[in-house]
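**Q** Quick one: sequence plus predicted model below, questions after.
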Amino acid sequence: MKKIALIFLTSFFISCQAPQDKEFDSGSKIVKPDLTPDLINDLELLRKIWGFMKCYHPEVGKGKYDWDDELFQFLPEFMNVNDTRQRDESLLRWIEKYGELPECTTCKEP
């Protein structure tokens, strides 16, 4: 499953870097990617949160959630945000959906 997720994520990010006039099928609708600096920053933030939750959230670690699939389910909502306030609210709703995350006592400052 990890290899499939890695291949999918890689192809997703590569497709975002496709020429702007190229359309691709995102599953439910045709999307024309507009890879702006803001979108790149938003996707980078999502990657960090997804990775942190995958490593440190106890319910994810127990296997209660297919974390790769949870990301794919969340992406359409995330890709439709219009500003940082909307992005942050969307991310908070997504994180809170999985319950309390205990304070990380083993995390190191980046």
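**A** Okay, I see it. Numbering: from 1, shown residues only.

**Q** and residue 52, how many neighbours?
**A** Neighbourhood size, residue 52 [other CB atoms under 10 Å]: 14. From N, CA and C alone the C-beta is placed, and that goes for glycine too.

**Q** What about residue 97, how many residues nearby?
**A** The burial count for residue 97: 10, using other CB under 10 Å.

**Q** Now do the buried residues in stretch 83-91.
**A** Under the neighbour-count criterion of 16 or more other CB atoms under 10 Å, stretch 83-91 has 87, 90, 91 buried.

**Q** Restricting to C-alpha, output that stretch in CSV.
**A** Output in CSV follows, covering the C-alpha atoms of stretch 83-91 (Å, rounded to 0.1, in the frame of the first residue of the first chain):
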residue,chain,number,x,y,z
ASP,A,83,-7.4,31.9,0.9
THR,A,84,-5.3,31.1,3.9
ARG,A,85,-8.2,31.5,6.4
GLN,A,86,-10.2,29.0,4.5
ARG,A,87,-7.2,26.7,4.1
ASP,A,88,-6.5,26.8,7.9
GLU,A,89,-10.1,26.1,8.8
SER,A,90,-10.2,23.2,6.4
LEU,A,91,-7.0,21.7,7.8
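
**Q** State the distance from residue 108 to residue 83.
**A** Distance, residue 108 to residue 83, using CB to CB, to the nearest Å: 31 Å.

**Q** just so I have it, where are all the helices in the chain?
**A** 2-16, 37-56, 58-61, 67-79, 84-96 (DSSP state H).

**Q** can you put the ones you listed in a markdown table and add distance to residue 104?
**A** Supplementary listing: the helices of the chain in a markdown table, determined by distance: least, CB to CB, whole Å:
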| stretch | distance to residue 104 |
| --- | --- |
| helix 2-16 | 22 |
| helix 37-56 | 6 |
| helix 58-61 | 11 |
| helix 67-79 | 17 |
| helix 84-96 | 13 |
